[in-house]
Structures are given as C-alpha cells and as structure tokens.
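Colleague: my questions are about this predicted structure, shown below with the sequence.
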Amino acid sequence: MQKRAISGLSSRRATLSAPGLHRRIGVARTRHKPSRCVRYAVVGAGYIAQVAVLPAFRHARRNSRLVALFSDDPTKRRELGRKYKIPTVAAYTDFDAILGDGQIDAVYLALPNSMHKEFAIRAAKAGVHVLCEKPLAVTERECRQMIDACQRYHVKLMTAYRLHFDKANLAVVETAKSGKLGSLRYFNSSFSMQVNSPNIRLEHKMGGGPLYDLGVYCVNAARYLFGDEPSEVVGVTATGSDKRFREVEEMVGATLRFSGERLATFICSFGAADVASYILAGTKGTVTLENAFEYAQPIEMEIAIGDNKRQSRKFAMHDQFAPELLYFSDCILRNREPEPSGAEGLMDVRVIEAIYRSARAGKPIKLGKVSKTKRPSGRQQIERPPVSEPRLVHAESASRS
C-alpha cells in the first residue's frame, strides 16, 4: 500500500460524502469483519507510544497489523512512519475521514487522559474498535459515555491494563485464590517517581496528577487481588513547595475498605524516588512484588508462609504491550468481550473520583454496590520477548531517573 502522509484533507477526501453523512446522522459505517488480522491505527505518538506501543506490533503479527499513525507533529509522522513502514500517517484533523475509509479496524488510543473520551466516541461512530490507555477517562461520566457509544455502534472497548496479561501479577492472583496465604486481610502499595517538568502529567486540564497516572495501578491491583469492589474510601493529598506542583498535587494517599473488613492502602507520588511495589497479606502468609507495575524492569516476587517457608522468584523483562494487542485482536476476530473491558476502566475511575471527593471533604466516602464478575486469571497470561528501547522522536520519559 502506498504511504499517505496527510497534514490536511485532500480534495478527494473532502468529497467523500458517504462517511460524512454517516457521521452526521450518527450511524456507524457498515464494515466487513476482519477474518485473520486486525488493522490498527495508533493515535498519539508520545513517549509510551514510541517506546512500547509501536514496537509491540512486531510481536503481535499473528493477528495485528499497524496501518496508521495519528500525530500533530509532522516530524514524528515522517520519521516514525518511515521507521515502522506505516502506510498512513496523518494529523488529528484527518481522524474522521481516514477512519471513514474503512481501512482501519481498531485504534490504540495513546493520548492525554483528557482526550480519551472524544477520540473513543469518534472511533465508535466510525465502526472502529477501541483499545484505550488507562485511565479510561477522567470522570465516571466520561467512561459511561465511551461505554455507551461503543455499545450503540457495536464495537468493542478494552482498557489497556497490560498487567492483566503479565505472568508475575497473574501469579499473585493465582496465589491469592489458592488459599496459601489464608484469609486475605490487607493490601499495601507504593508507586512513585520524580516527574520531569514541563509534562502533561503535571497539567490539570490534561487529566494529570499522580492518582490518574500511578494510583490507578494500585486501585486496580487491590480490586483484582481481593476480587471485589470497595465500599468506602478515604483519601488525602499532600503538596510541598516544589514549583512543579502548581496544578496537580504532589502525592495522594488512600485507604479502601472491602467486604469482610479487608483494607487496601497506597501512596502514589510524582515527587519521590522510584518505587513500584505491593504486598498482599493473609492470615497465613504474604506475597510481595517488587517493580510490580513496571514494564521495563524484571519483576521480583517473594512468598512467605509462616516463619520458615519463603519462596523467591524473578520474572524476566518482557514485552507487556504486544499481549494487549494479541488479546484484543482475538476478541474482535472471535467476537468475545474483553477483560479488561470498558467497565473495568470505569470501576477504577469511580474509585479515583471518590478518593478526590474524600480528600476535599476531609471524610470517608461511601460507594454504592456494583456487580463486577469478570476478573483477570492465569488463563490470560501471554508472553512475548522484550523490545529494545528505540530512538525517540520529539519525546522523552516522564521520569527524571
């Protein structure tokens, strides 16, 4: 296929009345279901897209193909399009027209949090499936709008929780289920890093802040390890004198109450040294995971039962993004609902909003009962070899380390 490098609509595209008509009346374009390979557009070309998502397609060739990249940076479009041999590279202004052509089956949204809802709904209206980075959106209301749009236009929505396919984290899930730890009692986690400035993670209007960026991992892990939804949350925020934190807080601490009087606590911070760990404690033992939420480091697990039985295990670094593509493509090709779904993403944003309400009000916030039955299990494990960090184009890591 000849590469299309597009900075604005061509006259040919401007006359495509059928897709435009479908968008105006809110009807998704009729599409043929892909039979063997899902064609993806990656939307956004920031750090995570360049260092992880784009390289992951090499390990997902069984059922996933990268055919388009959207970015408003012409240098990124040119250089990344050439590097990955992407047939179509385009600006965000061309998003609707290109999706309307029927050459894209799914999008991977690697955009700032505040842009997730808009682009997910636009993709759904075009009949295109949506794999969206976490958090799913900034508010519960936005999450519901995304879920409703995808249901209305009969496309699938998956929240990009890479750890739902990760061998180490799934090993903890299975350990928790096995009863080896006894009755589960508490979960405690720390996730922190020193964030570079300027950075969209430090901008309120972009959906920034440590709770959305880091805390979402802690919330999600507590929920899938307890296999339950919290009934009450307590949240606090803290910000020192660092000028980086003019718009968002430096750190957030939270306690979540689960059924059976179980507690989950965590602290996430944009102003502390790198930590990414959790401990799950039961009446008989504990399991600890170091580098638990990382994708570019080996993960270490230790299980301690009683006084003498300790088992340590190290999980080598591997590609955590290709499994998401492989799994979501299989869901599309086999017409299965994904886990983690849009509802999974909504559950975490629901908790995040409650934590912020608690911090503002200075009191616990009760959460209504919800039903959530589908959880990650060891059957979802997918392993692919690690990728080498590529040369970045107009992008850099969020962390100072």
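Modeller: Cool, got the structure. Numbers count the residues shown, from 1 in each chain.
Colleague: and stretch 202-212, end to end?
Modeller: The first and last residues of stretch 202-212 sit 11 Å apart, counting by Cα to Cα, to the nearest Å.
Colleague: when you give positions from now on, start the count at 34
Modeller: Sure thing, new numbering starts at 34, so read that last one as stretch 235-245.
Colleague: next, the buried residues of that stretch.
Modeller: Under the neighbour-count criterion of 16 or more other Cβ atoms under 10 Å, stretch 235-245 has Leu235, Glu236, Met239, Gly240, Gly241, Gly242, Pro243, Leu244, Tyr245 buried. For every residue, glycine as well, the C-beta is placed using N, CA and C.
Colleague: so what's the backbone phi/psi at Asp352?
Modeller: phi -70, psi 110 (degrees, to the nearest 10).
Colleague: ok, now how distant is it from Glu112?
Modeller: Distance, Asp352 to Glu112, by Cβ to Cβ, to the nearest Å: 22 Å.
Colleague: what's the answer for Cys176, then?
Modeller: From Cys176 over to Glu112 (counting by Cβ to Cβ), the distance is 34 Å.
Colleague: which of these two has more residues huddled nearby?
Modeller: Cys176 (28 against 17; other Cβ atoms under 10 Å).
Colleague: lowest confidence element among the helices and strands of this structure?
Modeller: helix 44-47 (a mean of 30; mean pLDDT, DSSP states H and E).
Colleague: so how far is the helix or strand harbouring Leu322 off the chain centroid?
Modeller: Per DSSP states H and E: Leu322 is located in strand 318-323. Relative to the centre of its chain, strand 318-323 is centred 24 Å away, using Cα atoms, centre = their mean, to the nearest Å.
Colleague: who does the following helix or strand past it pair up with?
Modeller: Downstream of strand 318-323, the next assigned helix or strand under DSSP H and E is strand 332-338. In the sheet, strand 332-338 lines up against strand 318-323 (antiparallel), strand 342-348 (antiparallel) (DSSP bridges).
Colleague: show me where the stretch 234-383 of the chain has its strands.
Modeller: 265-271, 284-291, 295-302, 304-315, 318-323, 332-338, 342-348 (DSSP state E, counting those that start in this stretch).
Colleague: for those, could you give me a markdown table that also reports mean pLDDT, distance to His162 and mean neighbour count?
Modeller: As requested, the strands of the stretch 234-383 of the chain are exported to a markdown table (pLDDT from 0 to 100; distance: least, Cβ to Cβ, whole Å; neighbours: other Cβ atoms under 10 Å):
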| stretch | mean pLDDT | distance to His162 | mean neighbour count |
| --- | --- | --- | --- |
| strand 265-271 | 98 | 32 | 19 |
| strand 284-291 | 98 | 31 | 22 |
| strand 295-302 | 98 | 30 | 22 |
| strand 304-315 | 98 | 30 | 18 |
| strand 318-323 | 98 | 31 | 19 |
| strand 332-338 | 97 | 30 | 19 |
| strand 342-348 | 92 | 30 | 13 |
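Colleague: ok, the nearest residue to Gly240 once chain neighbours are set aside - how many residues close by?
Modeller: Distance criterion Cβ to Cβ, 6 or more residues apart in numbering; nearest residue to Gly240, sequence neighbours excluded, is Asn146 at 2.9 Å. Using other Cβ under 10 Å, Asn146 has 25 other residues around it.
Colleague: which element, helix or strand, includes Ser230?
Modeller: Using DSSP H and E, Ser230 sits in no helix or strand.
Colleague: do a quick rundown of the helices in the stretch 34-183 of the chain.
Modeller: 44-47, 50-58, 80-81, 87-89, 107-116, 128-133, 149-158, 173-185 (DSSP state H, counting those that start in this stretch).
Colleague: re earlier: dump the residue contacts of the residue nearest to Gly240.
Modeller: Asn146 makes contact with Pro168, Ala170, Val171, Met239, Gly240, Gly241, Tyr245, according to Cβ atoms under 8 Å, 6 or more residues apart in numbering.
Colleague: tabulate those residues (JSON lines), appending pLDDT and distance to Ile332.
Modeller: Putting the contacts of Asn146 into JSON lines (pLDDT from 0 to 100; distance: Cβ to Cβ, whole Å) gives the following:
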{"residue": "Pro168", "pLDDT": "98", "distance to Ile332": "22"}
{"residue": "Ala170", "pLDDT": "98", "distance to Ile332": "28"}
{"residue": "Val171", "pLDDT": "98", "distance to Ile332": "29"}
{"residue": "Met239", "pLDDT": "94", "distance to Ile332": "29"}
{"residue": "Gly240", "pLDDT": "96", "distance to Ile332": "27"}
{"residue": "Gly241", "pLDDT": "96", "distance to Ile332": "26"}
{"residue": "Tyr245", "pLDDT": "98", "distance to Ile332": "23"}
